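*Asks:* what would the 3D arrangement of this be:
(one chain, ligands or ions: 2)
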Amino acid sequence: MAKKLKVLYLTPEAAPLAKTGGLADVALFLPKSLRELGVDIRVLMPFYQLVREKIRDNGLPAPKPGPRFTVIVHGELTPARVHTAKLPGGVTLYLLENERFFSRAGVYGEAGFDYPDNHLRFIFFSASVRALLKAVDFTPDIIHANEWPTGLVPAYLKTLWKDSPRLKGTRSLFTIHNVAYQGNFPLDVYPATSLPWELFSPAGVEFYGWVSFLKAAVLFADLLTTVSPSHREEIMTPEFGFGMDGVLRERKASLMGVLNGVDYKTWNPEADPHIPAKFSAANVAGKKRCKKRLIEELGLDPSLGARPIIGMVSRLARQKGIDLIFPLLGHLLRNEALLAVLGSGEGWLEERLSAAATENPGRLGLKLGFDEGLAHRIEAGADLFLMPSRYEPCGLNQLYSLRYGTAPVVAATGGLKDTVEEFDPKTGEGTGFMFHEPATESLALALGKGLALFGAKSIWRKLIRNAMGRDFSWERAAGAYLELYEGLMLRDTEPAEKGPVSRGTRRTP
Ligand code: ADP
Ligand code: GLC
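*Replies:* Ligands and ions are numbered 1, 2, ... in the order given. Just a heads-up that it's a prediction; the model follows:
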């Protein structure tokens, strides 16, 4: 039998234990699907305070405390301990404990503010990897790291750890979920990374005078991925690269776009424990009951129940383009539709939405906060689902919407463009509605198309059936990652573009 591939999957968050966005879902379901394909994959994340609580809430077995060890961070001997647990689905989860850095209520921050020592927290996390692997006696063929908090690891593999007997053959793959989050810190942070000074240059990990953890990964990872084919192209342009486009173009040959997937056990309207009535493409009757209950739950006016409900579940950030709907709201809610919104995030958006909810009682149902169950009930009870993102690397909610027969109305960007097909009432083909300019007028046209067709019952049924039949399961994505892993193993240990590149890394932001 062929030897099992061994992979360490590094992530700052994994559902259901620590979740701020889509990465947490990916970190749960991609490793699970890769394990089902025969990969010995283990996940490592920080042992945040909230993880302890979520383990209890989810009835998961208590993590087993393992060896203690120390890691040098900024010249200080820092204590660490590894605990071993299982994620739902059976993947081994290593939790890295450190009182000072992780015994806190948040993942990256609290009350809308990042922790001021995030650089040290994630330097510690990254620097711990080598000692932790020794402590648990695991030698990965590949380290698959995600987002800037793990960005130093590919750089450590090529510098500080290059002669480590355990890690000298280990390749790295780094996934960019959101290139706008870069982990850029002031110059005085640099010594704490322990990287050699010669790497602090525009051709290295310097980013306009700052230290960039993301740039370290982009330069040093053997292979890079982002989360949809269209977004791969986008991040190599100045418009969507957030200053990293130059260095990404340098690594173009090693940058792939792999679309995320959906866990159809969790997101299945036929068996979803969060929704009041089940339904399927063959029998959508239950969706009506879900709509009725959503109206009650969000305090919408039941006498307007024949109108379409537009759902939104989102981080409230500029990226998501929520503000594009504000100029439309008055007309929309007076005459055409109801809105069901769940979100949390930036204060200015929370305030604008609260004000809109107060101005439109019974027509705009709003819950501010994070609520897994309500996210499912909005997907099930709404008729259309709006995602006006200014950019969207992949997006998961449009995929959930498709399966729940809730027509997505999306901006034609990144993963949204790759997963939603414009519905054509003439041919009956397609799954949703798209707009091409990040502008209110453009959004209004696409939304208008959807709202107009909602009244045409037989056409709408066709649209819903198309949507519910689409398959974006994790098995496909996991197969694609397995191929990338196998390809990496055939490569020489040194990447084609070795170490810091010398061209095109300086751009005016
Ligand atoms: P991003 O990672 O950019 O926030 P994604 O669409 O990839 O966007 O993933 C968002 C995930 O977080 C989805 O699973 C979505 O249902 C969930 N989510 C976002 N906001 C909330 C919220 N307020 N309550 C519950 N779930 C939420
Ligand atoms: C990021 C992106 C989102 C993507 C998610 C998971 O948070 O904003 O589009 O779906 O990561 O990859």
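
*Asks:* what residues does the longest helix seen in the chain touch?
*Replies:* As far as residue count goes, and with DSSP state H defining each element, the longest helix of the chain is helix 474-490. Taking CB atoms under 8 Å, 6 or more residues apart in numbering as the criterion, the residues outside helix 474-490 that touch it are 5, 7, 29-30, 32-34, 36-37, 39, 141-142, 144, 171, 173, 222-223, 225, 256, 258-263. Using the backbone N, CA and C atoms, a C-beta is placed for each residue, glycine as well.

*Asks:* could you identify the buried members of those?
*Replies:* Among the contacts of helix 474-490, those buried by neighbour count (16 or more other CB atoms under 10 Å) are 5, 7, 29-30, 32-34, 39, 141-142, 144, 171, 173, 222-223, 225, 256, 258-263.

*Asks:* so where do the strands sit in the stretch 151-300 of the chain?
*Replies:* Using DSSP state E, counting those that start in this stretch, the strands of the stretch 151-300 of the chain run over residues 171-176, 184-185, 206-207, 210-212, 223-226, 255-257.

*Asks:* which of those is buried the deepest?
*Replies:* For those, average neighbour numbers computed from mean count of other CB atoms under 10 Å are highest in strand 171-176, which has a mean of 26.

*Asks:* how near is Ile143 to ligand 1?
*Replies:* In this structure, Ile143 and ligand 1 are separated by 22 Å, where distance is defined by CB to the nearest ligand atom, to the nearest Å.

*Asks:* quick one: that residue is in a strand?
*Replies:* Yes: residue state for Ile143 (DSSP: H, G, I helix; E, B strand; the rest coil) corresponds to a strand.

*Asks:* hmm, it is touching Leu152, no?
*Replies:* No: between Ile143 and Leu152 there is no contact, the gap being 11.6 Å when judged by CB atoms under 8 Å.

*Asks:* so the two - more neighbours on which side?
*Replies:* With other CB atoms under 10 Å as the criterion, Ile143 and Leu152 differ in neighbour count, and Leu152 comes out ahead with 30 against 26.

*Asks:* how far away is the closest residue to that one other than its chain neighbours from Leu453?
*Replies:* Here the nearest residue to Leu152 in space, its sequence neighbours aside, is Ser126; by CB to CB, 6 or more residues apart in numbering that works out to 4.2 Å. Using CB to CB, to the nearest Å, one gets 50 Å for the distance from Ser126 to Leu453.

*Asks:* over to Leu23?
*Replies:* Distance from Leu23 to Leu453, counting by CB to CB: 34 Å.

*Asks:* also Lys168?
*Replies:* Distance of Lys168 to Leu453, given as CB to CB: 59 Å.

*Asks:* kindly report the same for Gln319.
*Replies:* The gap separating Gln319 from Leu453 is 28 Å, by CB to CB.

*Asks:* try Gly204
*Replies:* Computed with CB to CB, the distance linking Gly204 and Leu453 is 54 Å.

*Asks:* residue ranges for the helices of the stretch 151-300 of the chain, please.
*Replies:* Counting by DSSP state H, counting those that start in this stretch, residue ranges of the helices within the stretch 151-300 of the chain are 152-158, 190-193, 213-220, 229-234, 238-241, 245-250, 285-297.

*Asks:* looking at those helices, which is nearest to Asn98?
*Replies:* When those are ranked by proximity to Asn98, the top entry is helix 190-193, at 14.9 Å, counting by CB to CB.

*Asks:* which positions within that closest one qualify as buried?
*Replies:* Tyr190, Ala192, Thr193.
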